[in-house]
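Novice: next come a sequence and a model predicted from it.
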Amino acid sequence: MASTILKSRSDHLPGRVTPPPDLGFGSRKVHPAAYNGGMQPHDLPSTCPTLPFLKWAGGKQRLLPRYKLYLPPSASIRRYFEPFTGSAAVYFYWQPKPALLSDRSAHLMDLYRTVQADVEGVIRALEPHRNEADYYYAIRAQNPADLTAVARAARLIYLNKTCYNGLYRENSKGAFNVPFGRYKNPKICDKERLRAAAHALQGVKLCAADFADILAKAGKGDFVYLDPPYAPLSATSSFTSYNRYGFDNGDQCRLAQTVHDLSTRGCKVMLSNSSAPLIYELYDGRGYHLIPIPARRNINSKADRRGPITELLILNYELPTTGSPR
């Protein structure tokens, strides 16, 4: 499929953040066939795509039919990095190994670690939860530090499934603060998705950290997928504070510099973002492919402001041939 490459403006970029400490990938389970004939991780039998078990503002599940056209062949990558994990839709669809998933939200990554380690315990803890407003606010008011890891994970999944619009948002103290969603019959405990996710997460390194810290050790042959909070298209369209830290224009500039550094180091990078002028200023004219992706804005307090929009998919590598295996 021929891609439309967008052209636009600007040249200015800010400076770089300091590189962090070393990061290693944890041990991963290896298919027995890997020991036969020196097979590499990329050559192992493909896994079935898994659906995310969390709802997420800006989640990529609906866009995957378009995104998969631009993923490089899995055999061409050494390691997979996703430092804005969110619902992990791209990882769960593709499941490249070895992989490192990370996010600035420690609560979110604690959830993934618990599902990875004890999904049956999470399911048992999740089953008693119910879709009632008073009950919801009582659960939301709990201090996660007072709960076991399994109870914390079940609490966060429950809040995600029953809160307004499936938003994940923290206040300045890091506490979940989304109101009750008033769904008629949400599927609070999706055992099938949870078990599939736990299987897909086996051997995956999970970290809570800033994207720059995680990516400081990415190198030649690694693939990085970036799905940051989007640059707002207007002053009233911003939703960048899903965690206590927020993500402002300075962070967008810092991310762009990190993408440039990754490119210099020989990493393949795929970045999702809005079509805001700032994004053109940061990435256009620097050797990247800027591909328009039709999408829908589903989160807005005013229904007439939801609807079709154009997002950008930004690649620093040659476009894969249509129809090649992923």
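Specialist: That came through, no problem. Residues are numbered from 1 along each chain as shown.
Novice: quick one: mean pLDDT over the lengthiest helix in the chain.
Specialist: What stands out as the longest helix in the chain, according to DSSP state H, is helix 106-126. Helix 106-126 carries an average pLDDT of 97.
Novice: quick one: buried residues of it?
Specialist: Buried residues in helix 106-126, counted by 16 or more other C-beta atoms under 10 Å: 107-119, 121-123, 125-126. Heads up, the C-betas are built off the backbone N, CA and C, glycines and all.
Novice: with stretch 290-297 instead?
Specialist: For stretch 290-297, a neighbour-count test (16+ other C-beta under 10 Å) marks 290-291, 293, 295, 297 as buried.
Novice: nearest to Asn160 among the residues you listed?
Specialist: Arg297 (19.9 Å; C-beta to C-beta).
Novice: output stretch 141-157 as PDB, nothing but the C-alphas.
Specialist: Extracted C-alpha coordinates of stretch 141-157, given in PDB (Å, rounded to 0.1, in the frame of the first residue of the first chain):
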ATOM      1  CA  ALA A 141     -11.400   5.500  48.600                       C
ATOM      2  CA  GLN A 142      -9.200   2.600  49.700                       C
ATOM      3  CA  ASN A 143      -5.500   3.200  50.200                       C
ATOM      4  CA  PRO A 144      -3.800   0.800  47.800                       C
ATOM      5  CA  ALA A 145      -0.800   0.600  50.200                       C
ATOM      6  CA  ASP A 146      -3.100  -1.200  52.700                       C
ATOM      7  CA  LEU A 147      -4.000  -3.900  50.200                       C
ATOM      8  CA  THR A 148      -2.200  -7.100  49.100                       C
ATOM      9  CA  ALA A 149      -0.800  -7.000  45.500                       C
ATOM     10  CA  VAL A 150      -3.700  -9.200  44.300                       C
ATOM     11  CA  ALA A 151      -6.300  -7.000  46.000                       C
ATOM     12  CA  ARG A 152      -4.600  -3.900  44.500                       C
ATOM     13  CA  ALA A 153      -4.700  -5.400  41.000                       C
ATOM     14  CA  ALA A 154      -8.400  -6.400  41.300                       C
ATOM     15  CA  ARG A 155      -9.300  -3.000  42.700                       C
ATOM     16  CA  LEU A 156      -7.600  -1.200  39.700                       C
ATOM     17  CA  ILE A 157      -9.200  -3.400  37.100                       C
END
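Novice: now tell me what touches it from outside.
Specialist: Identification of contacts with stretch 141-157 by C-beta atoms under 8 Å, 6 or more residues apart in numbering yields 53-54, 107-108, 110-111, 113-115, 118, 121-122, 124-126, 129, 139, 176, 188-189.
Novice: for the record, mean pLDDT for it?
Specialist: In the prediction, stretch 141-157 has an average pLDDT of 97.
Novice: cool, and stretch 261-278?
Specialist: 97.
Novice: check the offset of it from the chain's centre.
Specialist: Mean-position distance between stretch 261-278 and its chain equals 15 Å (C-alpha atoms, centre = their mean, to the nearest Å).
Novice: that one: end-to-end distance?
Specialist: 19 Å (C-alpha to C-alpha, to the nearest Å).
Novice: quick thing: my sequence starts at 880, can you match it?
Specialist: Happy to do that; since the first residue is 880 now, the last one works out to stretch 1140-1157.
Novice: that older thread, any chance of the buried residues of stretch 1169-1176 in JSON lines with distance to Cys1086, secondary structure and pLDDT as columns?
Specialist: Formatted as JSON lines, these follow (distance: C-beta to C-beta, whole Å; DSSP: H, G, I helix; E, B strand; the rest coil; pLDDT from 0 to 100):
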{"residue": "Leu1169", "distance to Cys1086": "29", "secondary structure": "strand", "pLDDT": "97"}
{"residue": "Ile1170", "distance to Cys1086": "29", "secondary structure": "strand", "pLDDT": "96"}
{"residue": "Ile1172", "distance to Cys1086": "28", "secondary structure": "strand", "pLDDT": "94"}
{"residue": "Ala1174", "distance to Cys1086": "28", "secondary structure": "strand", "pLDDT": "87"}
{"residue": "Arg1176", "distance to Cys1086": "30", "secondary structure": "strand", "pLDDT": "65"}
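Novice: let's see the pLDDT reported for Thr964.
Specialist: Listed pLDDT for Thr964 reads 96.
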